[in-house]
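Enquirer: sequence-free structure coming up:
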């Protein structure tokens, strides 16, 4: 059947069945794009509409005039600029901790020989399966007793622990593929293994670092359960908590919320634009090889 | 040397990941841990008894089970469909991949907020579209009708997470060697047969990964009900974690909250073990 169809499509390039298949295929792809992007397109449209056109039914799809007033309100009257800044600090901090600790453990697990290696790997992987709520109450108490509530570190420390298994996994997979000659040269030059890791291995590991940092950043930017529980002061809220808890004075402020939502997504859209391949590789690392 | 590199990481994981689980169990067996000054007294399984005798707990349990075991299979089917659709070379593949990745990257709680606007009972665009195409006659309260709110919530989570399943399965599809399909074609296997006898069996380990990666978060759903419906109307969309969070941090029943947390942890682990036991085949290839 295989050769048969190939011949037919060669002879009849404009075969109606083939055209039908193509139309169906691209139709499905376009439908996929529409369904995926519609919600955020709608939020963007809402955010640039005058308030009167937002609360209108039947819905007015396109705004009669484009306004940026809602963004001004979100940034100046509502504290969304502060929330965005907080999220940025927490997400960046988490990404840095995960890259440093993840590369150290990843190096040990992939390139050094030692006893109990399998046990260590199991400890790391099982910790990724533990439910977050099962850890929330003691960590909340711990943070309260040590004064880490309403501080950036109070979120960076648990987030990093949650994402470390992923970071370690990415690094050990990457390091495994590096040639032995790299570290041998360093060891001959009298560097310790830690020296080799930081002076020789890490400088050539930009891809693994980017993958880890980007995905961990997105995770920390998106987290809600711990952020809601740990950041009780308004000035320390992250963007997810800020958007979830924001209430207007009289009516529900869909215009301001839409502007805030759109701004909260911009960093994610930028990361996707620049690192799409890295993100996909990272999310699927190990899948298919196992 | 390995110890030097691993000690910080292992200490960290024990302190932030393992110790809290144990501490939660300890808290669940004691009373009066809200105020740090107050002495904690051992109460045995008292907290568990009051959790299990609460009808709200069982309601949340059922909501969570429906949420998890309806959404995950549908996500698997849609995810597999998407993966099969995109698994070929074509113009615009990059955009299709972005469309698949985007719902994954959206924060759950913000996604919940977005859909509560799309589903809005008065000004929602979904109502408007359904009326325009003639499916609805007037606006329908998707989120404030207790009979339909959970279905709306399922719709939102399926929208968001099917694409993650598709990404995982795509990686699995890419790892299936082309010559297996060639062999099947030479043997005269149709596309459908190739799917059943080549694709699906070889995809099984990857499906297991996707199942675990999706079931665990679904079982712990918190942000979506919090932002979409607040658990309501009534308690019709209150999941286990949302319920446990409320009794812990709103009603300040830390003992009961810890008991609920322990139950959630045990259930999550049981689900993992069941999946692995039924689907894992050590080294078939």
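Expert: Cool, got the structure. Keep in mind it's a predicted model, so treat the numbers as computed, not measured. Residues are numbered from 1 along each chain as shown, chains lettered A, B, ... in the order given.
Enquirer: contact partners for residue A:37?
Expert: Listed by CB atoms under 8 Å, 6 or more residues apart in numbering or on different chains, the contact set of residue A:37 reads B:99, B:102. (Glycine included, C-beta is placed from N, CA and C.)
Enquirer: buried residues in whichever strand or helix holds it, which are they?
Expert: In this assignment (DSSP states H and E), residue A:37 forms part of helix A:16-47. Buried residues in helix A:16-47, counted by 16 or more other CB atoms under 10 Å in any protein chain shown: A:29, A:32-33, A:36-37, A:39-40, A:42-47.
Enquirer: okay, the residue nearest in space to the middle of chain A: pLDDT?
Expert: The residue lying closest to the centre of chain A (CA atoms, centre = their mean) is residue A:218, at 2.1 Å. In this prediction, residue A:218 carries a pLDDT score of 92.
Enquirer: helix or strand: which one has it?
Expert: Going by DSSP H and E, residue A:218 is in helix A:206-222.
Enquirer: surely the residue nearest to the centre of chain A and residue A:269 touch.
Expert: No: between residue A:218 and residue A:269 there is no contact under CB atoms under 8 Å: 11.1 Å.
Enquirer: and residue A:126, how many neighbours?
Expert: Residue A:126 has 15 neighbouring residues, counting by other CB atoms under 10 Å in any protein chain shown.
Enquirer: in the helix or strand harbouring it, what counts as buried?
Expert: Remark: residue A:126 resides in helix A:117-129, with elements defined by DSSP H and E. Residues A:120-121, A:123-124, A:127-128 are the ones in helix A:117-129 that count as buried (16+ other CB under 10 Å).
Enquirer: ok, those vs chain B, which is closest?
Expert: Closest approach to chain B among these (CB to the nearest CB): residue A:127, at 4.1 Å.
Enquirer: I figured that closest one hits residue B:18, correct?
Expert: Yes: using CB under 8 Å, residue A:127 is in contact with residue B:18, at 6.7 Å.
Enquirer: tell me the secondary structure for residue B:232?
Expert: coil (DSSP: H, G, I helix; E, B strand; the rest coil).
Enquirer: hmm, I was thinking of residue A:155
Expert: Under three-state DSSP, the three-state class of residue A:155 is helix.
Enquirer: try residue B:146
Expert: Residue B:146 - assigned by three-state DSSP - is coil.
Enquirer: spit out the contact partners of it.
Expert: By CB under 8 Å, 6+ apart, the neighbours of residue B:146 are B:232-234, B:236.
Enquirer: does the nearest residue to residue A:211 once chain neighbours are set aside belong to a helix or a strand, and which?
Expert: Using CB to CB, 6 or more residues apart in numbering or on different chains and skipping the chain neighbours, the partner closest in space to residue A:211 is residue A:282 (3.9 Å). In this structure, residue A:282 is located in helix A:254-283 according to DSSP H and E.
Enquirer: and that helix, how far from the chain's centre?
Expert: 8 Å (CA atoms, centre = their mean, to the nearest Å).
Enquirer: angle of it against helix A:16-47?
Expert: Relative orientation of helix A:254-283 and helix A:16-47, computed by axes from the mean of the first three to the mean of the last three CA atoms, to 10 degrees: 130 degrees.
Enquirer: just the pLDDT for the spatially most distant residue from the centre of chain B.
Expert: Distance to the chain centre peaks in chain B at residue B:186, reaching 41.1 Å (criterion: CA atoms, centre = their mean). With respect to pLDDT, residue B:186 has a value of 86.
Enquirer: ok, it to residue A:232 distance?
Expert: As for residue B:186, its distance to residue A:232 is 66 Å (criterion: CB to CB, to the nearest Å).
Enquirer: same check on residue B:168?
Expert: From residue B:168 across to residue A:232, the span is 36 Å (CB to CB).
Enquirer: ok, the spatially most central residue of chain B - contacts?
Expert: A centroid search over chain B (CA atoms, centre = their mean) returns residue B:218, at 1.9 Å, as the residue closest to the centre. Counting by CB under 8 Å, 6+ apart, residue B:218 makes contact with B:67-68, B:71-72, B:157, B:161.
Enquirer: just those: which are in strands?
Expert: Using DSSP state E, no member of these sits in strands.
Enquirer: which of those are buried?
Expert: Buried by 16+ other CB under 10 Å: B:67-68, B:71-72, B:157, B:161, out of these.
Enquirer: quick check: closest non-adjacent residue to residue B:263.
Expert: Closest residue to residue B:263 in three dimensions, ignoring its sequence neighbours and counting by CB to CB, 6+ apart: residue B:51, at 7.0 Å.
Enquirer: which ones are touching the one you found?
Expert: Shown in contact with residue B:51 (CB under 8 Å, 6+ apart): B:57, B:256, B:259-260, B:263.
Enquirer: which two from the buried residues of helix A:16-47 end up farthest apart in space?
Expert: Greatest spatial distance in the buried residues of helix A:16-47: A:29 and A:47, 27.4 Å, computed using CB to CB.
Enquirer: Provide a list of residue ranges in the chain with pLDDT below threshold.
Expert: Looking at chain A here, since you left the chain open. Across chain A, the ranges flagged by pLDDT under 70 are A:1-13, A:248-251, A:286, A:288-290.
Enquirer: oops, I was thinking of chain B
Expert: B:32-39, B:281-285.
Enquirer: for it, what's the longest helix?
Expert: When chain B is parsed with DSSP state H, its longest helix is helix B:55-86.
Enquirer: can you give the distance of that one from its chain's centre?
Expert: Chain-centre distance of helix B:55-86: 7 Å, with CA atoms, centre = their mean.
Enquirer: report all helices and strands that that helix contacts.
Expert: helix A:16-47, helix B:93-105, helix B:149-174, helix B:200-219, helix B:240-249 (3 or more CB pairs under 8 Å, 6 or more residues apart in numbering or on different chains; DSSP states H and E).
Enquirer: tell me the buried residues in it?
Expert: B:57, B:59-61, B:63-64, B:67-68, B:70-72, B:74-76, B:78-80, B:82-83, B:85-86.
Enquirer: stretch B:10-26 near chain A anywhere?
Expert: Yes: using CB under 8 Å from any CB of the partner chain, a contact is recorded between stretch B:10-26 and chain A, made by B:10, B:12-13, B:15-21, B:23-24.
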